[in-house]
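> The amino acid sequence is not available; the structure is as follows:
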């Protein structure tokens, strides 16, 4: 499948979600309210009470901020920041002396997040339009990189991790929530644009995902938690899709 076509489909899908405030991603379920979905994937009631309304959109497959041990004054980069839920949570953790940068390739998501940050008076967050394979971020400038169910959407994951390594300061760290597979996916799923946009077709096999992170130079790569989804999309996918929380050090 052409990388450009995959990106076009994904961008259109998430642009529509940003405008319609609706989500239907198999990794995060369909039907329940966005708050219920957020609670199911790892956010607490306190988390959701302390972020701007509308930043939780029922997207994601974990809560990377909860496991990232953010400290006051740190600079955090959120890959595929979407409506901003993780960026806003991170902003609370790093405080006025810290900073959070959100990067997303979907203009509608960026506009929505910027508007929310302005409305609620956040001064330590900046949202930038850009692709995670070519980050609009300086070398060695970030303490922590987080991401939530986004890297699986990229057709070039190695490039994403190379860029992540580039922008991190020495000894900087990542905390990534993402979707991986247990074994190979069926061919028809891999070739489905809908499955790509729904966080499934682009997912790497779990060991391949971890090895890709190691190949670009990261150390101490490990899964700190994981859970298997019983997906309703196809019987062939049951038991094959796993949400992982991965950390590593530059």
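Arrived safely, thanks for sending. No experiment lies behind these values; they were computed from the predicted model shown.

> Distance check, residue 130 against residue 159.
13 Å (C-beta to C-beta, to the nearest Å). No exception for glycine: its C-beta is placed from N, CA and C like everyone else's.

> for residue 214, same thing?
15 Å.

> Same check on residue 16?
In terms of C-beta to C-beta, residue 16 sits 26 Å off from residue 159.

> Beyond the helix or strand bottoming out on mean pLDDT in the chain, next helix or strand please.
Every helix and strand of the chain was ranked by mean pLDDT, DSSP states H and E. The lowest is helix 193-197, at a mean of 44. Using DSSP states H and E, the next helix or strand after helix 193-197 towards the C-terminus is helix 206-215.

> For the residue nearest the centre of the chain, name its beta-bridge partners.
Centroid-nearest residue in the chain: residue 148, 2.3 Å away (criterion: C-alpha atoms, centre = their mean). Counting by DSSP bridges, residue 148 forms beta bridges with residue 177.

> next one: residue 225
Where residue 225 sits in a bridge, its partners, by DSSP bridges, are residue 245.

> Quick check: it touching residue 66?
No. Contact criterion C-beta atoms under 8 Å: residue 225 and residue 66 do not qualify, at 9.9 Å.

> Among these two, which residue is more densely surrounded?
Legend: neighbour count by other C-beta atoms under 10 Å for residue 225 and residue 66, higher for residue 66 (19 against 14).

> who touches the more buried one in this structure?
Counting by C-beta atoms under 8 Å, 6 or more residues apart in numbering, residue 66 touches 42-44, 47.

> Please work out which residues outside the host helix or strand of residue 118 touch it.
Here residue 118, judged by DSSP H and E, is contained in helix 107-119. Here helix 107-119 makes contact (C-beta under 8 Å, 6+ apart) with 14-15, 18-19, 52, 54-55, 81-84, 87-88, 102, 104, 125, 127-129.

> Out of the residues you listed, list just those in strands.
Secondary structure assignment (DSSP state E) places 102, 104, 125, 127-129 from these within strands.

> could I get these as TSV with neighbour count, distance to residue 250 and pLDDT?
Output for the ones in strands among the contacts of helix 107-119, formatted as TSV (neighbours: other C-beta atoms under 10 Å; distance: C-beta to C-beta, whole Å; pLDDT from 0 to 100):
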residue	neighbour count	distance to residue 250	pLDDT
102	28	20	97
104	29	23	95
125	25	23	97
127	24	24	97
128	15	21	98
129	14	25	96
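
> among those residues, which two are most distant?
125 and 129 (14.5 Å; C-beta to C-beta).

> ok, back up a step: and the ones in strands among the contacts of helix 107-119, which is closest to residue 173?
residue 102 (17.9 Å).

> Nearest spatial neighbour of that closest one, chain-adjacent residues omitted?
Of all residues beyond its chain neighbours, the one nearest residue 102 is residue 81 (2.9 Å), with distances taken as C-beta to C-beta, 6 or more residues apart in numbering.

> quick one: pLDDT of the one you found?
For residue 81, the pLDDT comes out at 94.

> what sits against it?
87, 102-104, 109, 113, 127.

> from those residues, which single one is nearest residue 139?
For those, the nearest to residue 139 is residue 103 (15.1 Å; C-beta to C-beta).
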